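what's the 3D shape of this:
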Amino acid sequence: MAFMVKTMVGGQLKNLAGGLGGGEEKGEGDRSAAEAQGMTREEYEEYQKQLVEEKMERDAQFTQRKAERATLRSHFRDKYRLPKNETDDNQIQMAGGDVELPKELAKMIEEDNEEEEEKASVIGQLASIPNLDLSSIKDKAQATLGELKQSAEKCHIM
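Residues are numbered from 1 along each chain as shown. Presented below is the predicted three-dimensional model:
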């Protein structure tokens, strides 16, 4: 019960006393941010400069990553003939124009292109047919080609 009375009345008494000139609390409020951190003013200013520089570096790296992702998305949009996105173009321009993909992403795209080229070839189409042994077909084709060469050599007209 005493606690409730003290909290209810005590807060109002502190406000009243603060207006009359309670100087004790004012001393802690006057301390600068540098003193609160336990540094001199010069150290604190240097620390603040370092924080600003680190933030700028992080922001630049973040913008670069966003531009790389936008480049990747625009690459796939071009590849699959999808409509372009203006936000991706804006992100690329904010990063400074020509943005190269990271090596890992470029390698993934190259592997993807190789797979698609392989699937687009005749052998790639044949490989997608189930229950088809390509190695035996290849061996038979080579044997037939060898036989044709031998018969061509025996031919007197040629």
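
domain parsing for this protein?
Per the TED database, the structural domains of the chain span 35-98, 101-142.

winner for burial among those domains?
Mean neighbour count (mean count of other Cβ atoms under 10 Å) peaks for domain 35-98 among those, with a mean of 13. C-betas here are computed from N, CA, C, even on glycine.

Quick check: the residue nearest to the spatial centre of the chain vs residue 98, distance?
The chain has residue 65 as the residue nearest its centroid, 4.8 Å off, counting by Cα atoms, centre = their mean. According to Cβ to Cβ, to the nearest Å, residue 65 stands 16 Å off from residue 98.

pLDDT of stretch 110-127, averaged?
Across stretch 110-127, the average pLDDT comes to 74.

actually stretch 83-93, not the one I typed
In the prediction, stretch 83-93 has an average pLDDT of 88.

now what about it, what contacts it?
The contact list for stretch 83-93 (Cβ atoms under 8 Å, 6 or more residues apart in numbering) reads 63, 66-67, 69-71, 73-74, 77, 99.

give me every residue that touches the spatially closest residue to residue 45 that is not a sequence neighbour.
Spatial nearest neighbour of residue 45, chain neighbours left out: residue 34 (8.0 Å); criterion: Cβ to Cβ, 6 or more residues apart in numbering. Contact partners of residue 34, counting by Cβ under 8 Å, 6+ apart, are 40-41, 43-45.

Go ahead and measure how far the lengthiest helix in the chain is from the middle of the chain.
Scanning the chain for the longest helix, with DSSP state H as the assignment, gives helix 41-79. Offset of helix 41-79 from its chain centre (Cα atoms, centre = their mean, to the nearest Å): 11 Å.

Please apply the same query to stretch 92-111.
How far stretch 92-111 lies from its chain's middle: 10 Å, per Cα atoms, centre = their mean.

Dump that stretch to CSV, keeping only the CA atoms.
Only the C-alpha atoms of stretch 92-111 are listed here, as CSV (Å, rounded to 0.1, in the frame of the first residue of the first chain):
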residue,chain,number,x,y,z
ILE,A,92,21.5,-0.9,-62.2
GLN,A,93,21.8,2.8,-62.9
MET,A,94,22.1,3.7,-59.2
ALA,A,95,25.1,1.3,-59.0
GLY,A,96,26.9,3.1,-61.8
GLY,A,97,25.7,1.5,-65.0
ASP,A,98,27.7,-1.5,-66.1
VAL,A,99,27.4,-4.1,-63.4
GLU,A,100,29.1,-7.4,-63.8
LEU,A,101,27.7,-10.6,-62.3
PRO,A,102,29.6,-12.2,-59.5
LYS,A,103,31.8,-15.1,-60.6
GLU,A,104,29.6,-17.7,-59.0
LEU,A,105,26.4,-16.4,-60.7
ALA,A,106,28.1,-16.1,-64.0
LYS,A,107,29.3,-19.7,-63.7
MET,A,108,25.8,-20.9,-62.9
ILE,A,109,24.4,-19.1,-65.9
GLU,A,110,27.1,-20.5,-68.2
GLU,A,111,26.4,-24.0,-66.9
